[in-house]
Every structure is written in C-alpha cells, then in structure tokens.
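**Q** Quick one, fold the following:
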Amino acid sequence: MNLQYSRLNFTIGQISENFISSEKMKDKVTVTKKEVSWQEKLAQIKNEFPTPKPTKRLRQEWKIFSKDLEPTLIQATARLNIKSEQLFAYIREHKIVPSNREQKQRLKKIDFVRLMQRFDQQTYQHYRHYFEEMELNEKKRLQKEFLEAELRRKLPVTKKKTRKEPKNTPPFRLPYVAPLPVTQLLTISWDEVIFNDYNIMIRFGKSFSKPWPAPDSRKSFKYLKKYIQSLKLEPLQVVLVGNEIKEISNAELVRDVVTILRVRHEFIMHDEESMTVKASKVLEMIADTPTDLLGFIARSAADEAVWIDHLSSLQDKRFKPIPAFEIIASGNSVSTEDTFIFTVSHGGRLYLVWESTLHGRATYIFSTDIERYEESIQLIYDYIASYQKAKRMRIRNREISSKDLNYIAFLRHSSINQWKEKLQQLLNTSP
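**A** Reported below is the predicted structural model:
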C-alpha cells in the first residue's frame with residue numbers, strides 16, 4: 001500500500017512539473033512573439049476581399065481588351081514581355097494544347113489568362129473581376145463534364161436497337177495539333193546569307209528563313225559572293241524560332257557589311273552606266289560605319305596588311321578610310337580592284353593617301369584641305385573610276401593636270417621600313 005502511494009505521489013509530481021515547465025515555455029513564446037502591424041495583417045488578407053464591381057470606365061476598357069484574348073504564341077511573348085523559352089516551358093509544364101486556326105497556333109482564352117496571372121500581375125489585377133468570372137465559368141464547365149461522365153458511367157446499360165453502321169465507316173481520329181516551333185541558336189557563315197532587295201534570308205540545313213529587314217541590301221549582291229568570302233568576316237549568331245529570325249546578336253555587322261557592299265555596287269553600277277560615283281553619297285553611306293571595321297575590311301582584302309595597318313594608325317580621327325574601287329580596263333574586258341583612300345593630317349595640311357590592297361601596287365599621295373576635302377575625293381573618284389588605260393602610269397608621268405588632283409608623289413613598295421621613312425620624309429617636306 002505504501003509503495004503504491006509513493007508511486008502515485010511521484011507520478012503527480014512529474015505531471016505538475018511538466019505542466020509548470022510548459023506554462024513557462026508559453027510565457028516565453030508570448031514574450032518573444034513579434035507583434036504584427038495592421039498593415040501587415042491587411043496585406044495578408046487583401047487577396048481574400050471580394051473583387052469590387054467594375055466601373056463604367058473599366059467596362060469600356062474590357063470591351064476593347066477582351067477582343068484579343070486568343071493571341072498566337074509569338075504575340076503572347078510580346079504582350080507578356082517574356083522570352084519564347086519561358087512560354088514553351090510553361091506550356092509544357094501545364095500541358096497546354098494551343099488551338100490550330102487559320103494555320104496559326106493560338107492560345108485559348110483561359111490559358112492566356114493564367115499566363116497573364118503568372119507573368120503580368122499588373123494587367124491581371126486590373127481586370128481581375130472579369131478574369132475570376134472566366135475562371136469560375138471554366139470550373140463550372142469542367143464540373144458539368146465530370147458529372148455527366150459520372151452519370152453515364154453509373155447508369156445501367158440498356159440495349160437499344162441501333163442502325164447497323166456501314167462497314168466502311170472511317171475510324172475516329174483526334175484533330176491534328178501542329179508541334180510548337182523549335183527555337184535554335186545557330187552560327188551562320190556568310191556563305192549561307194541570301195541577299196534580297198531590302199532584306200536578307202539565311203539558309204540552315206535544307207531550309208530557308210523568313211526575310212530579315214536590311215534596307216540597304218540588294219539582290220545584286222549575290223554577284224559579290226567571292227568578295228564577301230575574301231573579307232573573312234565573323235559568322236552571324238542567329239536566334240531562330242521555327243523559320244523566323246527572332247534576333248541576330250551581331251546585327252550591326254549585317255548593317256555595316258551591307259553598307260560596304262552598297263559602296264562597291266555603286267562603283268560597278270555607275271561603271272556600267274558610264275558614270276562616276278558621287279563622293280558625297282559614299283561619305284554619307286559610311287558615316288555610321290565604325291572606322292575599325294573599315295580598317296578591318298581593308299586589311300582582310302589586302303595581300304599584305306602591313307601597309308594598310310600603318311596607314312590606319314596615321315588615319316585622322318575626324319575622317320574615315322574611304323572605299324574606292326578602281327576600274328581596270330584591259331582590252332575589251334573590265335575588272336575592279338579594291339583600293340582605299342586614307343586621310344593623314346600633318347603640319348596643318350591634309351593628305352589623301354591612295355592605297356591598293358594588291359601586292360606591288362604603289363602608294364599615291366595627294367594634298368587637300370578641309371574646304372576642298374569632298375571636292376578632292378570626287379576628283380580622285382572621277383579619275384580612278386574612268387575607263388582610261390594605264391591610269392597609274394599617267395599620274396607618275398604627270399600626263400594629267402596635277403593641279404586638278406593636287407598630286408604630290410608616289411611611293412613604291414620596297415621594304416615596309418623604307419616605305420615608312422619615305423612617307424614621313426614626304427610629309428615633312430611637302431608644302
């Protein structure tokens with residue numbers, strides 16, 4: 001009996017100690033618990049408030065906005081300001097099947113609303129009343145379909161007299177849903193670039209892309225393929241969705257290369273029409289072309305780049321190396337030669353240095369000033385684009401009026417060091 005009484009006392013004591021310790025822990029929790037402000041409480045339950053009824057202005061906005069709730073996939077990425085990869089990831093994750101109308105894949109209204117709730121909260125909140133109504137109607141529709149299916153499943157099957165179906169009844173097929181366009185990041189060489197009037201296309205595998213706008217592009221550039229290959233340009237980095245070019249990461253290279261091709265095309269076209277190129281037009285075309293790229297193209301086309309490199313280092317920063325394609329007449333045939341006009345300033349004067357990209361061609365120096373700069377370029381253009389034979393020899397022998405061209409001297413390409421010394425002496429001694 002005493003043993004049982006002592007055990008009972010021990011149990012009651014242990015329970016009381018546990019109770020006391022638990023009460024102390026509650027007090028401790030109560031003390032350390034952080035008070036929540038009314039603003040935080042309001043934020044927590046804000047989404048539980050009933051959506052206010054739309055105003056007259058909101059109803060008018062919705063009337064216009066609701067007309068286009070089934071966009072194409074490309075339109076959806078633009079309206080939600082997301083990348084196509086994000087859209088495709090969401091579609092795959094939520095097993096969304098776009099509708100196929102007018103040979104275009106379009107999102108269903110409810111799917112686009114859910115995308116907007118995920119990626120465009122501001123618009124979703126603005127039309128929240130209507131979107132929630134659409135969600136409710138969608139849930140009712142699904143519930144109705146479920147109940148009808150359950151009812152059909154539980155009803156007893158009764159045999160009914162049915163007409164015999166013809167034996168040649170075609171099998172039931174699900175509607176075809178076109179696959180989503182594949183997004184690719186491609187490295188495209190310039191051999192795969194197709195020039196058209198005002199746009200370019202690319203060839204990938206056995207397919208062709210849709211046109212990409214390039215205002216200065218011309219279809220006739222296809223005849224300059226060998227010239228483009230000689231420039232050793234870096235390839236284009238193209239983002240392709242299906243066969244549509246979404247982005248060219250180095251698109252500025254397209255613009256600049258097309259400009260150079262346009263200049264060359266101007267020389268060839270005016271040559272065929274027995275006209276000369278307008279220097280003002282060329283200067284305007286290359287105004288936005290980086291000087292570094294013009295120097296790079298000159299070096300790429302040159303047999304030996306050391307002469308071009310030195311003239312590029314002397315180039316006056318106020319001007320740019322000017323492409324000048326010399327017309328070479330030989331017998332009944334005519335060809336063009338890549339040359340450049342560099343502008344070097346020395347002693348308050350400007351010197352136009354005409355340099356060819358072919359090995360062995362001499363360097364020709366002309367004098368000018370700011371006031372006559374464009375006029376001097378035009379005179380050189382008129383001469384080197386003419387059909388005269390042995391043009392360089394005629395300059396050396398001063399068979400032309402040196403006063404018109406302000407011709408000073410020419411320098412033969414011996415060794416690069418001797419050529420540099422002679423050029424510097426010529427600049428120092430010229431008036």
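**Q** got any ranges where this protein has weak pLDDT?
**A** Per-residue confidence for the chain (pLDDT under 70) gives these ranges: 1-36, 38-52, 101-103, 155-180, 268-276, 329-334, 401-404, 431.
**Q** how does it divide into domains?
**A** The chain breaks down by automatic domain parsing into domains covering 48-137, 183-249, 274-429.
**Q** Format those domains as CSV; extra columns: distance to residue 263.
**A** For the C-beta atoms, the positions are set from N, CA and C on the backbone; glycine is no exception. Formatted as CSV, those follow (distance: least, CB to CB, whole Å):
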stretch, distance to residue 263
domain 48-137, 36
domain 183-249, 10
domain 274-429, 5
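**Q** I'd like these laid out as TSV, including distance to residue 260 and mean neighbour count.
**A** Converted to TSV, the domains of the chain look like this (distance: least, CB to CB, whole Å; neighbours: other CB atoms under 10 Å):
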stretch	distance to residue 260	mean neighbour count
domain 48-137	33	14
domain 183-249	8	15
domain 274-429	6	16
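**Q** so which of those comes closest to residue 151?
**A** Minimum separation from residue 151 across the domains of the chain (CB to CB) falls at domain 48-137, 21.0 Å.
**Q** so how far is that closest one from its chain's centroid?
**A** 27 Å (CA atoms, centre = their mean, to the nearest Å).
**Q** Next: stretch 389-403.
**A** That offset, for stretch 389-403, works out to 49 Å (CA atoms, centre = their mean).
**Q** Using CSV, write out every CA atom in that stretch.
**A** Provided in CSV are the C-alpha atoms of stretch 389-403 (Å, rounded to 0.1, in the frame of the first residue of the first chain):
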residue,chain,number,x,y,z
LYS,A,389,44.1,52.8,-119.5
ALA,A,390,47.4,52.9,-117.6
LYS,A,391,45.9,55.4,-115.1
ARG,A,392,48.7,55.0,-112.6
MET,A,393,51.4,55.4,-115.2
ARG,A,394,49.7,58.6,-116.4
ILE,A,395,49.8,60.0,-112.9
ARG,A,396,53.5,59.2,-112.4
ASN,A,397,54.4,60.8,-115.7
ARG,A,398,52.2,63.8,-114.9
GLU,A,399,50.3,63.3,-118.1
ILE,A,400,47.3,64.6,-116.3
SER,A,401,46.9,68.0,-114.7
SER,A,402,48.5,67.6,-111.3
LYS,A,403,46.9,70.9,-110.4
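**Q** Contacts for it, please.
**A** 326, 329, 330, 361, 362, 364, 383, 384, 388, 405, 407, 410 (CB atoms under 8 Å, 6 or more residues apart in numbering).
**Q** Give me the helices and strands touching the strand or helix carrying residue 74, please.
**A** Assessed by DSSP states H and E, residue 74 sits inside helix 73-80. Applying 3 or more CB pairs under 8 Å, 6 or more residues apart in numbering; DSSP states H and E, we find helix 73-80 packed against helix 84-93, helix 109-119.
**Q** do that again at 6 Å, thanks
**A** Here helix 73-80 touches no other helix or strand, going by 3 or more CB pairs under 6 Å, 6 or more residues apart in numbering; DSSP states H and E.
**Q** Pick the one among the contacts of stretch 389-403 closest to residue 181.
**A** Closest to residue 181, out of all of these and judged by CB to CB, is residue 326, at 47.8 Å.
**Q** Would you mind pulling up the elements that the longest strand seen in the chain packs against?
**A** Criterion DSSP state E: the longest strand present in the chain is strand 333-346. Strand 333-346 sits against strand 322-330, strand 349-356, with contacts defined as 3+ CB pairs under 6 Å, 6+ apart.
**Q** what's the following helix or strand after the last one?
**A** The one in question is strand 349-356. strand 363-368.
**Q** now whatever helix or strand comes next after that following strand against strand 322-330, angle please.
**A** Going down the chain from strand 363-368, the next helix or strand is helix 373-384, by DSSP H and E. Per axes from the mean of the first three to the mean of the last three CA atoms, to 10 degrees, the angle that helix 373-384 makes with strand 322-330 is 20 degrees.
**Q** and helix 373-384, how far from the chain's centre?
**A** Counting by CA atoms, centre = their mean, helix 373-384 comes out at 38 Å from the chain centroid.
**Q** Beyond that helix, next helix or strand please.
**A** Next element after helix 373-384 (DSSP H and E): helix 391-396.
**Q** Name the surrounding residues that touch stretch 186-201.
**A** The contact list for stretch 186-201, computed with CB atoms under 6 Å, 6 or more residues apart in numbering, reads 202-204, 208-209, 211-215, 217-219, 221-222, 228, 233, 235-236, 238, 240.
**Q** Apply 7 Å and report the result again.
**A** With CB atoms under 7 Å, 6 or more residues apart in numbering as the test, stretch 186-201 has contacts from 202-204, 208-209, 211-215, 217-219, 221-222, 228, 233, 235-238, 240, 254.
**Q** taking the residues you listed one by one, which sit in strands?
**A** 202, 203, 204, 208, 212, 213, 236, 237, 238, 240.
**Q** Name the nearest of those residues relative to residue 124.
**A** The closest of the ones in strands among the contacts of stretch 186-201, once distances to residue 124 are taken by CB to CB, is residue 240, at 31.3 Å.
**Q** Identify the bridge partners of that closest one.
**A** residue 184, residue 245 (DSSP bridges).
**Q** just checking, it touches residue 207?
**A** No. Assessed by CB atoms under 7 Å, residue 240 is found out of contact with residue 207, at 9.6 Å.
**Q** tell me the phi and psi of the spatially most central residue of the chain?
**A** Residue closest to the mean C-alpha point of the chain, counted by CA atoms, centre = their mean, is residue 247 at 2.9 Å. Here the main-chain torsion angles of residue 247 (degrees, to the nearest 10) amount to phi -160, psi 140.
**Q** Return the residues in contact with the closest residue to it other than its chain neighbours.
**A** Nearest residue to residue 247, sequence neighbours excluded (CB to CB, 6 or more residues apart in numbering): residue 239, at 4.2 Å. Applying CB under 7 Å, 6+ apart to residue 239 gives the contacts 185, 246, 247.
**Q** Identify the residue nearest residue 186 in space, chain neighbours excluded?
**A** Closest to residue 186 by CB to CB, 6+ apart is residue 238, at 4.9 Å.
**Q** What helix or strand is the nearest residue to residue 66 once chain neighbours are set aside located in?
**A** Using CB to CB, 6+ apart and skipping the chain neighbours, the partner closest in space to residue 66 is residue 130 (7.1 Å). Element membership of residue 130 [criterion: DSSP H and E] is helix 128-154.
**Q** and that helix, how far from the chain's centre?
**A** 44 Å.
**Q** Check stretch 193-210 too.
**A** 15 Å.
**Q** Convert that stretch to CSV, retaining C-alpha atoms only.
**A** C-alpha atoms of stretch 193-210 as CSV (Å, rounded to 0.1, in the frame of the first residue of the first chain):
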residue,chain,number,x,y,z
VAL,A,193,23.4,34.5,-96.3
ILE,A,194,21.0,35.3,-99.2
PHE,A,195,20.7,38.9,-100.2
ASN,A,196,17.4,40.3,-101.5
ASP,A,197,16.1,43.8,-102.2
TYR,A,198,15.7,45.4,-98.7
ASN,A,199,16.1,42.2,-96.7
ILE,A,200,18.3,39.1,-96.2
MET,A,201,17.5,35.5,-95.5
ILE,A,202,19.6,32.6,-94.2
ARG,A,203,20.0,29.0,-95.3
PHE,A,204,20.0,26.4,-92.5
GLY,A,205,20.3,22.8,-93.5
LYS,A,206,17.9,22.4,-96.4
SER,A,207,15.5,25.2,-95.3
PHE,A,208,15.3,28.9,-95.6
SER,A,209,14.4,31.5,-93.1
LYS,A,210,11.8,34.2,-93.4
